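K.L.:
Okay, sequence plus prediction incoming.
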Amino acid sequence: METNNLRSLRLTENSLTFMAEVVKWAKFLAICSFVGLGIMVLMGVGVILLQFQGQVNGIQAIVMGIFYILMAALYFFSAFYLYRFATASAVAIENLDEDNMEEGLENLKSLFRFTGILMIVVLSLYAVVLMSMFVMYMIKM
């Protein structure tokens, strides 16, 4: 990205301190997210294996297991972008490196864009479900 020579942004010591704290929390949350992802995948695989071993009956176990694995796959991108933001920004703060700060902010942008798109999809699904329920209710009347 080209910088505009007419404009400049300088970070104060307080800004760097705040950013360093944000980076620590972001890295903590990203690591917790990866642990949660691992648990979700293990639960999904475990439920599927229980069904195949005959300990759980019905196709619902397989569907639930696949759902957990798919949710973990979606959740991975958020954790990944957050972790990359934290690591690149930490290097940027430590070395006062603009390129790493730009990389960190690019990953933060990707995190928010992904989360925003996912929110639009979820809200759209809610709207479809609510409209479907309303139509079904009206048909039964």
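P.N.:
Everything's here; your move. Keep in mind it's a predicted model, so treat the numbers as computed, not measured.

K.L.:
Just list the residues touching the residue nearest the centre of the chain, thanks.
P.N.:
Of all residues in the chain, the one closest to the mean position by CA atoms, centre = their mean is Ser78, 2.0 Å from it. With contact taken as CB atoms under 8 Å, 6 or more residues apart in numbering, Ser78 is in contact with Ser33, Leu111, Phe114, Thr115. C-beta here means a position set from N, CA and C on the backbone, and glycine is covered the same way.

K.L.:
I'd like to know which of the residues you listed are buried.
P.N.:
When neighbours are counted using 16 or more other CB atoms under 10 Å, these contain these buried positions: Ser33, Leu111.

K.L.:
Of the contacts of Ser78, just say which sits nearest to Leu105.
P.N.:
If you rank the contacts of Ser78 by distance to Leu105 using CB to CB, Leu111 comes first, at 10.4 Å.

K.L.:
circling back to that earlier point, in helices, which of the contacts of Ser78 fall?
P.N.:
Using DSSP state H, Ser33, Leu111, Phe114, Thr115 are the members of the contacts of Ser78 that sit in helices.

K.L.:
quick one: the nearest residue to the last one once chain neighbours are set aside and Val45, what's the gap?
P.N.:
Spelled out, that is Thr115. With CB to CB, 6 or more residues apart in numbering as the measure, Ser78 is the residue that lies nearest to Thr115, at 6.3 Å, once sequence neighbours are left out. For Ser78, the distance to Val45 under the criterion CB to CB, to the nearest Å works out to 21 Å.

K.L.:
go on, Phe112?
P.N.:
For Phe112, the distance to Val45 (CB to CB) stands at 31 Å.

K.L.:
next one: Leu16
P.N.:
Between Leu16 and Val45 the distance is 43 Å, computed by CB to CB.

K.L.:
Summarise which helices and strands the helix or strand hosting Leu118 is packed against.
P.N.:
Secondary-structure assignment from DSSP states H and E places Leu118 in helix 98-140. Taking 3 or more CB pairs under 8 Å, 6 or more residues apart in numbering; DSSP states H and E as contact, the helices and strands that helix 98-140 lies on are helix 60-95.
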